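> prediction below, plus the sequence it came from.
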Amino acid sequence: MNKKASLELSIQAIVIIVIAFVVLGLGLGFVKNIFGGAKSTVSDVQEKIKEQILEDLRTSGKKLSISSQIQIERGGQLIENVGIVNTGLSEKSFGMKIEFIKKQKPDGSEDTNTEVAGKEITFFYSAVVDKRLSPTAGDVLPLSISAKSSAAGNYLYKVNVYAEDAANPGACLSGPASPGCELYDTRSFFVRVS
């Protein structure tokens with residue numbers, strides 16, 4: 001009788017282990033499908049945002065597009081897109097530079113310590129003028145924005161887009177005033193930190 005009970009217990013243990021592995025496999029597959037779908041959804045959303053920015057630039061006739069107000073939390077980070085369209089008649093290379101203008105404190109007063117205020121928001125982007133666009137073509141340049149945990153208030157910035165002719169590669173390396181490098185367009189925008 002003892003051998004029969006121990007054999008029955010062994011078979012039950014094997015069945016339970018097999019069921020556990022099947023359920024674990026199904027659970028892992030389900031989680032993988034959810035996260036895989038989320039990743040493709042993010043890519044689809046980013047592509048649609050890019051298409052919308054470029055379509056808005058084409059219909060409005062503007063050369064440059066960036067959100068006029070960007071909301072970010074203290075210690076947060078986000079990606080913003082800067083849209084550029086080549087309205088010229090020749091191929092050009094484009095690049096951008098971000099400049100700090102001023103800061104408004106949460107109480108509404110202007111922050112006069114511009115050296116400290118200008119370092120509370122950081123931008124990560126390629127400052128090299130190397131995005132080649134043929135006439136009437138457009139594209140977006142990614143701009144990563146980070147706010148320090150000490151940041152608070154409204155920050156006014158300006159994005160300057162520079163262009164250089166295909167005949168003068170590297171003209172903007174020595175500065176925007178050099179021959180072959182022009183200030184293509186500029187736009188102001190706010191970064192609001194809450």
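Perfect, I can see it now. Note that the structure is predicted; figures quoted are calculated from it, not measured.

> how about the helices in the chain?
Here the chain has its helices, by DSSP state H, at 2-60, 114-117.

> for Thr87, find the nearest of these.
Among these, the nearest to Thr87 by C-beta to C-beta is helix 2-60 (9.3 Å). From N, CA and C alone the C-beta is placed, and that goes for glycine too.

> identify the bridge partners of the residue nearest to the spatial centre of the chain.
The centroid of the chain falls nearest to Ile79 when counting by C-alpha atoms, centre = their mean (2.2 Å). Ile79 forms beta bridges with Ser144, as assigned by DSSP bridges.

> that one contacts Ser144, doesn't it?
Yes: between Ile79 and Ser144 a contact is recorded at 5.6 Å, counting by C-beta atoms under 8 Å.

> rewinding a little: now the residue nearest to the centre of the chain: how far from Ile49?
Distance from Ile79 to Ile49, counting by C-beta to C-beta, to the nearest Å: 10 Å.

> give me the low-pLDDT residue ranges for the chain?
Confidence mapping of the chain against pLDDT under 70 gives the ranges 1-9, 36-43, 45-46, 174-177.

> what's the domain layout of it?
When the chain is parsed with automatic domain parsing, its domains come out as 1-60, 63-193.

> quick check: the gap between the residue lying closest to Lys131 once chain neighbours are set aside and Ser150.
Nearest residue to Lys131, sequence neighbours excluded (C-beta to C-beta, 6 or more residues apart in numbering): Phe94, at 4.6 Å. According to C-beta to C-beta, Phe94 stands 33 Å off from Ser150.

> equivalent analysis for Tyr184, please.
Here Tyr184 is placed at a distance of 34 Å from Ser150 (C-beta to C-beta).

> more neighbours: the two, which one.
Between Tyr184 and Ser150, counted using other C-beta atoms under 10 Å, the more crowded position is Tyr184 (22 against 11).

> ok, the closest residue to that one other than its chain neighbours - contacts?
Spatially, and ignoring its direct neighbours in sequence, Tyr184 is nearest to Ala163 (4.0 Å; C-beta to C-beta, 6+ apart). Contacts for Ala163 (C-beta atoms under 8 Å, 6 or more residues apart in numbering) come out as Asn86, Gly88, Lys92, Ser93, Phe94, Val129, Cys181, Glu182, Tyr184.

> in the sheet, who's paired with the fifth one?
When bridges are assigned using DSSP bridges, the partners listed for Phe94 are Lys131, Ala163.

> let me see the contact set for it.
For Phe94, the residues meeting the contact criterion (C-beta under 8 Å, 6+ apart) are Ile84, Asn86, Val129, Lys131, Arg132, Leu133, Leu141, Val161, Tyr162, Ala163, Tyr184.

> name all residues that make contact with the closest residue to Asp130 other than its chain neighbours.
The shortest distance from Asp130 to any non-neighbouring residue, by C-beta to C-beta, 6+ apart, is to Ser93 (5.7 Å). By C-beta under 8 Å, 6+ apart, Ser93 lies in contact with Val129, Asp130, Lys131, Arg132, Leu133, Ala163, Glu164, Ala166, Pro169, Cys172.
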